[in-house]
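**Student:** Model the following, please.
(one chain, ligands or ions: 1)
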Amino acid sequence: MPNSAATNDTLLALEAVLQARKTADPSSSYVAQLYDKGLNKILEKVGEEATETILAAKDLTPDHPQELVAETADLWFHTLVMLAHCEVPVQAVLQELDRRFGLSGLTEKAQRAERTDNG
Ligand SMILES: N=c1c2ncn([C@@H]3O[C@H](COP(=O)(O)OP(=O)(O)OP(=O)(O)O)[C@@H](O)[C@H]3O)c2ncn1[C@@H]1O[C@H](COP(=O)(O)O)[C@@H](O)[C@H]1O
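**Tutor:** Below you'll find the model as predicted:
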């Protein structure tokens with residue numbers, strides 16, 4: 001089973017913090033401020049960070065990867081806030097990636113088309 005314990009531990013520890021922030025005072029927490037502003041604001045941030053990640057990748061020079069690393073971290077962080085707000089566990093996404101692991105995207109796409117054809 002493909003699994004990076006360090007990566008999963010970090011994501012799951014962060015998820016626990018994001019859950020705890022649901023009862024935090026917005027004046028003391030960026031995450032609580034996002035929850036307070038609601039889903040549209042969270043989605044706006046996900047879109048903004050996705051755009052910034054794309055721009056960082058386009059401007060990437062091999063000896064300076066840090067900007068792309070930082071923007072990708074911002075994007076992942078805001079998607080985790082989105083999942084927490086929507087009550088979707090991070091574990092469900094990790095399990096879905098594990099389920100897909102080793103399955104070619106082309107094979108999966110063909111299976112999807114077959115399922116659609118069969119109603
Ligand atoms: N990983 C992060 C993290 N990554 C990015 N950010 C914040 O996300 C924001 C995104 O950057 P922007 O420049 O777009 O922010 P901004 O201009 O203030 O945003 P807007 O006013 O435009 O909405 C910044 O304020 C970053 O500090 C994060 N804030 C929090 N975390 C984690 O979440 C935990 C809880 O945070 P708090 O709820 O603030 O305690 C922290 O301990 C961290 O582990």
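
**Student:** residues in the chain within reach of the ligand, list them.
**Tutor:** Within the chain, the positions near the ligand by CB under 6 Å from any ligand atom are 14, 17, 21, 29-32, 45, 74, 77. For the C-beta atoms, the positions are set from N, CA and C on the backbone; glycine is no exception.

**Student:** Report the two of those separated the most.
**Tutor:** The distance between the two most remote of the residues of the chain next to the ligand (CB to CB) is 17.8 Å, for 32 and 74.

**Student:** give me the low-pLDDT residue ranges for the protein?
**Tutor:** Within the chain, the stretches with pLDDT under 70 are 1-7.

**Student:** circling back: are any of the residues of the chain next to the ligand buried, and which?
**Tutor:** Among the residues of the chain next to the ligand, those classed as buried by 16 or more other CB atoms under 10 Å are 14, 21, 31-32, 45, 74, 77.

**Student:** returning to what we had before: columns secondary structure on top of the residues of the chain next to the ligand, output as a markdown table?
**Tutor:** Shown next, in a markdown table, are those (DSSP: H, G, I helix; E, B strand; the rest coil):
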| residue | secondary structure |
| --- | --- |
| 14 | helix |
| 17 | helix |
| 21 | helix |
| 29 | coil |
| 30 | helix |
| 31 | helix |
| 32 | helix |
| 45 | helix |
| 74 | helix |
| 77 | helix |
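
**Student:** Format those as a markdown table; extra columns: distance to residue 117.
**Tutor:** Formatted as a markdown table, these follow (distance: CB to CB, whole Å):
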| residue | distance to residue 117 |
| --- | --- |
| 14 | 40 |
| 17 | 44 |
| 21 | 45 |
| 29 | 49 |
| 30 | 47 |
| 31 | 44 |
| 32 | 47 |
| 45 | 38 |
| 74 | 40 |
| 77 | 39 |
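
**Student:** Residue 75 reaches residue 50, doesn't it?
**Tutor:** Yes: Residue 75 lies in contact with residue 50 (CB atoms under 8 Å); the separation is 5.7 Å.
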